[in-house]
Every structure is written in C-alpha cells, then in structure tokens.
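Asker: Kindly generate the corresponding structure for this input.
(one chain, ligands or ions: 1)
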Amino acid sequence: MLDKSNLPRHIAVIMDGNGRWAKKQGAMRIFGHHHGIRSVRETVETCAELGIQYLTLYTFSTENWGRPKLEVEGIMQLLVKTIREEVPQLHKNNVRLKSIGEINDLPKKARRELLEAIDMTKENTGLTLTLALSYSGKWEIIQATKQIAEQVKAGVINVEDVNEQLFAKHLATEEAPDVDLLIRTGGDHRISNYLLWQIAYAELIFMDDVFWPEFRANHLYEAIYSYQNRERRFGKTSEQVVATQTA
Ligand code: FPP
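Answerer: The predicted model follows:
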C-alpha cells in the first residue's frame with residue numbers, strides 16, 4: 001500500500017523505449033510513439049488521482065531534432081493530435097498544462113495548440129503537467145545564466161545575490177520544487193540531459209523490463225512504493241534523518 005502522507009511532490013519521467021517496442025512488433029518507430037500516448041494518459045490520470053503536484057514528461061529533447069525527418073514530423077503531428085484530444089479531459093480534471101524548452105523551434109501549428117492549451121488550463125489548481133519540448137538541461141542552465149548575467153550587468157542585482165534560490169527561479173521550471181522521483185523506462189541507465197539541476201537529490205528508478213508503451217498505473221505505483229522505501233538523506237547521516245523524523 002502507498003503511504004499517502006509520503007508521496008513525491010514532483011515526479012519526472014524519461015519515456016524511453018517507444019522505438020524498440022515498435023520494432024519488436026515489426027512496426028515503424030512512430031507506431032511506438034502513438035502507443036506511448038495511452039501510457040501518458042494513464043500516468044497523468046494516476047498522478048492526478050493520487051494528488052501528486054508536479055509531473056514533468058521528457059517529450060522531445062533538443063537532441064531529438066537530429067532524428068530522421070519523418071520521425072520528427074510524426075512526433076510533432078502526434079503532439080498536435082494529443083493536445084487536441086486530451087486537453088478537454090485534462091481541463092475537467094483540473095490539470096494545469098505547462099511546457100519547458102525552446103518552443104519557438106516547434107512547428108507553428110504545434111506551438112499554437114500548445115500555447116492555447118496552456119492558456120486554457122492556467123487557472124487550474126490540481127496537477128501541474130509539464131511537457132519538456134525541445135528541452136535539454138544544459139540549454140536551460142545556459143538560459144538561466146544569461147538572464148542572471150544580464151541582470152548583474154544592468155545593476156538590478158549584485159553578483160553576491162546569486163545563490164541557489166535565485167538561480168532556480170531563472171530555470172524553466174520556475175516555481176516547481178526539485179524532482180523527488182525520476183523514472184526512466186526502456187532499460188538505459190542515464191539522465192540524457194534531463195532536468196540536470198532539479199534532479200540533484202532525486203531518487204532514480206530505472207524500469208529495465210518496461211518499454212514506455214507498456215507503462216501502466218501499476219508500474220507507477222511500483223515506482224512510488226520503491227521511492228517510499230528509500231531513505232532520503234540529502235547528504236546527512238542515517239542517524240540524523242531518523243532523529244528528525246522522530247522529533
Ligand atoms: C523515446 O523513445 C521517446 C520519445 C523521444 C518521444 C516521446 C513521445 C511520446 C511518448 C509521444 C508524445 C507525447 C506527448 C505527451 C504528446 P525512443 O524513440 O527513444 O525509443 P528507443 O530508445 O526504443 O529508440
């Protein structure tokens with residue numbers, strides 16, 4: 001059973017394995033991306049039901065632009081279709097949609113759909129669902145650094161004012177708390193330039209035997225259960241953590 005008093009506030013997911021899953025069925029890679037939508041829907045619904053506050057999905061990385069043109073176009077079309085079909089239900093479920101990444105790089109139609117959906121759901125107070133699109137952690141850190149450098153140059157802040165809190169406010173994730181739980185499907189054990197700053201103390205869960213199109217609510221429960229059974233020490237000793245828990 002999950003402990004409702006110890007849920008991760010922010011879950012991030014690297015939805016990997018669509019291409020390999022499709023290949024296993026003898027189908028084109030885009031078939032895997034299409035089947036990944038059911039997993040997205042189920043993950044979002046389960047997070048909303050559980051009362052998770054933030055869910056951030058790695059939907060398209062900066063590096064993904066280098067994939068074959070046909071696949072990139074297919075994913076962009078799928079993005080438009082998914083937003084159109086899913087957003088009314090998200091809105092009903094009080095989900096607030098956001099995005100992080102260089103959305104000016106997206107095709108005009110995809111950008112428009114996305115911005116409209118973000119605007120439509122902006123007052124919602126339930127789960128914040130963030131799609132990372134044309135996103136990379138290094139890109140985000142450089143953006144933040146440039147903004148801060150501009151402010152120092154303009155005399156708005158002093159170099160001495162730059163600290164973790166200030167830096168985090170300039171990241172694309174803005175007010176979202178750091179990631180508590182990062183899940184990666186597909187069997188690879190790497191971070192792939194995702195939320196580099198925000199995962200500093202995240203618990204990492206790699207689901208080796210699950211390709212993203214196979215990911216279901218029970219896998220999410222399993223990951224949260226595993227998270228709840230880990231001791232998060234944040235650099236302290238186990239004794240210190242136990243002492244603060246029992247204080
Ligand atoms: C990684 O699998 C997946 C992607 C790069 C795209 C993820 C996109 C979706 C699930 C569909 C769109 C989602 C939304 C929210 C609209 P891969 O292609 O790298 O798989 P592989 O490692 O097996 O090649």
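
Asker: only C-alpha atoms for contact and neighbour calcs from this point on.
Answerer: Will do.

Asker: which parts of this protein sit against the ligand?
Answerer: 15-20, 33, 36-37, 59-60, 79, 82 (Cα under 6 Å from any ligand atom).

Asker: Now do the one helix or strand Glu71 maps to: which elements does it pack against?
Answerer: Assigned by DSSP states H and E, Glu71 belongs to helix 69-92. If you count contacts as 3 or more Cα pairs under 8 Å, 6 or more residues apart in numbering; DSSP states H and E, helix 69-92 packs onto helix 29-50, helix 108-120.

Asker: can you rerun that using 10 Å?
Answerer: helix 29-50, strand 54-61, strand 96-100, helix 108-120 (3 or more Cα pairs under 10 Å, 6 or more residues apart in numbering; DSSP states H and E).

Asker: Mean neighbour count for those - can I get that in TSV?
Answerer: Shown next, in TSV, are the helices and strands packed on helix 69-92 (neighbours: other Cα atoms under 10 Å):
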stretch	mean neighbour count
helix 29-50	19
strand 54-61	22
strand 96-100	21
helix 108-120	16
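
Asker: Same list, those, but as JSON lines with distance to Ile191 please.
Answerer: Listed next are the helices and strands packed on helix 69-92 as JSON lines, based on distance: least, Cα to Cα, whole Å:
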{"stretch": "helix 29-50", "distance to Ile191": "19"}
{"stretch": "strand 54-61", "distance to Ile191": "11"}
{"stretch": "strand 96-100", "distance to Ile191": "17"}
{"stretch": "helix 108-120", "distance to Ile191": "25"}
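
Asker: nearest to Arg9, of the ones you listed?
Answerer: Ranking the helices and strands packed on helix 69-92 by proximity to Arg9 (Cα to Cα) places strand 54-61 first, at 6.2 Å.

Asker: Kindly present the helices and strands packed on helix 69-92 as a markdown table, with separate columns for distance to Tyr135 and mean pLDDT.
Answerer: Output for the helices and strands packed on helix 69-92, formatted as a markdown table (distance: least, Cα to Cα, whole Å; pLDDT from 0 to 100):
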| stretch | distance to Tyr135 | mean pLDDT |
| --- | --- | --- |
| helix 29-50 | 18 | 98 |
| strand 54-61 | 5 | 98 |
| strand 96-100 | 6 | 98 |
| helix 108-120 | 14 | 98 |
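
Asker: Please identify which of those is closest to Glu160.
Answerer: strand 96-100 (27.8 Å).

Asker: and the angle from that closest one to helix 69-92?
Answerer: Strand 96-100 runs at 150 degrees relative to helix 69-92, counting by axes from the mean of the first three to the mean of the last three Cα atoms, to 10 degrees.

Asker: Count the neighbours of Asp3 for me.
Answerer: Asp3 is flanked by 10 other residues according to other Cα atoms under 10 Å.

Asker: oh sorry, the question was meant for Phe215
Answerer: 21.

Asker: who's in contact with the closest residue to it other than its chain neighbours?
Answerer: Once flanking residues are discounted, Phe215 sits nearest to Ser39: 5.5 Å by Cα to Cα, 6 or more residues apart in numbering. Ser39 makes contacts with 15, 45, 212-217, as judged by Cα atoms under 10 Å, 6 or more residues apart in numbering.

Asker: can you pick the most crowded of these?
Answerer: Most surrounded of these: other Cα under 10 Å gives Trp212, at 28 neighbours.

Asker: That one touches Arg184, doesn't it?
Answerer: Yes - because the distance of 8.7 Å satisfies Cα atoms under 10 Å, Trp212 is recorded as touching Arg184.

Asker: What strand or helix carries Leu196?
Answerer: Under the criterion DSSP H and E, no helix or strand holds Leu196.

Asker: re the thing from before, intersection of neighbour lists for Trp212 and Arg184?
Answerer: Between them, Trp212 and Arg184 share these contacting residues under Cα under 10 Å, 6+ apart: 13-17.
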